[in-house]
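>>> I need the structure of the sequence given here:
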Amino acid sequence: MNSPLRTDQLTKKFPALTALDSVTLEVPEGAVFALVGPNGAGKSTAFKTLLNLQRPTAGRAEVLGVDSRRIGADQLAQIGYVSEDQKLPEWMTVGRFLAYCREFYPRWRDDEAAELVRLYELPVDRKLRHLSRGARVKAMLASSLAYRPKLILLDEPFGGLDVLVREQLIESILERTPEATVVLASHDLAEIESFASHIAYLSDGRLYFVEEMATLSNRFREVEITLEQPAELPRELPAGWMNAEQAGVVVRFTDSNYGDRSQSEIRSRFPGVREVAARVMPLRSIVLALARGAKAAGGAR
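Numbering: from 1, shown residues only. So this is what the prediction gives:
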């Protein structure tokens, strides 16, 4: 199986909005795939539709080789799912909770569960309702990793956690599931940048791109042009130039397709160029530039 998860024109509509708008993507096997975008972008809806917690309005999704609308026990036993708003049986102790989950997964490994309890320093005799936010997430992850799932879906799992806890959880996911594919939705862009292999950007239910992280980083640049004298911005700019603005002799924009010809293109558009600076952008800056561009395009329609 080359792709444990793929969608084709996946659409989910509610009475007041379209949460997913013809989303087509394919997640490579073994990838750490990050789904990013602003609040309300459709990330949680995508996860719930993939797991058949919500039915798609149109299009289709395939999970572990099966249509998402026909997911059964065999597929669910190979999927680990942790969500920010996941409900837990708060009256259970950690130990009872893990024992309860054990019955649903034929591949459950007691030694793996015990190691995760030790690693996460989980108090097995304490009730879930008495745990901190971080400890509750650790309990959910322990219950989702103990059976070595083939596909791990993480929907905003690290919100509100301190840096050290997030780092520990991320490392444990990456180290303990070398044979798994991880799909992660998160606003923590700095953390994503450090370990994701692929990224997809979703806004207002629309998928703007799916790309390998290395390729994305290579093609985006923050460009600053210093002119000999002030000049008006050209009316038509290349499609890859985003969020152009000018202050006196300085012009700034984001180039989403920076390459060998970019310098010559800049000089042909702006006569009297004194200096061009092109800076590598962190993921946060790239996503903010895309969000601004999407907002501007929406306002123009």
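>>> lowest-confidence helix or strand of the chain?
helix 283-300 (a mean of 73; mean pLDDT, DSSP states H and E).
>>> List of residues touching the one helix or strand Q246 maps to?
Element membership for Q246 (DSSP states H and E) is strand 241-247. Outside strand 241-247, the residues that touch it by CB atoms under 8 Å, 6 or more residues apart in numbering are 223, 230, 232-233, 237, 251-256, 289-290, 292-293, 296. Bear in mind the C-beta positions are built from the backbone N, C-alpha and C, glycine included.
>>> repeat that for 6 Å
L233, L237, R252, F253, T254, D255, S256, A289, R292, G293 (CB atoms under 6 Å, 6 or more residues apart in numbering).
>>> Redo those as a markdown table? Include neighbour count.
Shown next, in a markdown table, are the contacts of strand 241-247 (neighbours: other CB atoms under 10 Å):
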| residue | neighbour count |
| --- | --- |
| L233 | 14 |
| L237 | 13 |
| R252 | 14 |
| F253 | 22 |
| T254 | 22 |
| D255 | 22 |
| S256 | 20 |
| A289 | 19 |
| R292 | 13 |
| G293 | 17 |
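>>> Can you tell me which of those residues is closest to T181?
Of all the contacts of strand 241-247, S256 has the smallest distance to T181: 27.0 Å, by CB to CB.
>>> Looking at the nearest residue to the closest one once chain neighbours are set aside now. What's its pLDDT?
What sits nearest to S256 in space, not counting adjacent residues and going by CB to CB, 6 or more residues apart in numbering, is G240, at 4.5 Å. On the pLDDT scale, G240 is placed at 89.
>>> Around G240, count how many other residues there are.
G240 has 16 neighbours, counted by other CB atoms under 10 Å.
>>> In strands, which of the contacts of strand 241-247 fall?
R252, F253, T254, D255 (DSSP state E).
>>> got a list of what the closest residue to A58 other than its chain neighbours touches?
Nearest non-adjacent residue to A58, counting by CB to CB, 6+ apart: T11, 4.1 Å away. Contacts for T11 (CB under 6 Å, 6+ apart) come out as L20, S22, T57, A58, G59.
>>> Pull out the buried members of these.
Buried residues within the contacts of T11, defined by neighbour count using 16 or more other CB atoms under 10 Å: L20, G59.
>>> quick one: strands adjacent to the strand holding Q246?
Strand 241-247 sits in its sheet next to strand 250-255 (antiparallel), going by DSSP bridges.
>>> could I get the strand it pairs with in CSV with only the CA atoms?
The C-alpha coordinates for strand 250-255 follow below in CSV (Å, rounded to 0.1, in the frame of the first residue of the first chain):
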residue,chain,number,x,y,z
VAL,A,250,11.5,50.0,-0.5
VAL,A,251,9.3,47.3,-2.0
ARG,A,252,8.5,44.1,-0.2
PHE,A,253,6.7,40.9,-1.2
THR,A,254,6.6,37.2,-0.7
ASP,A,255,7.8,35.2,-3.7
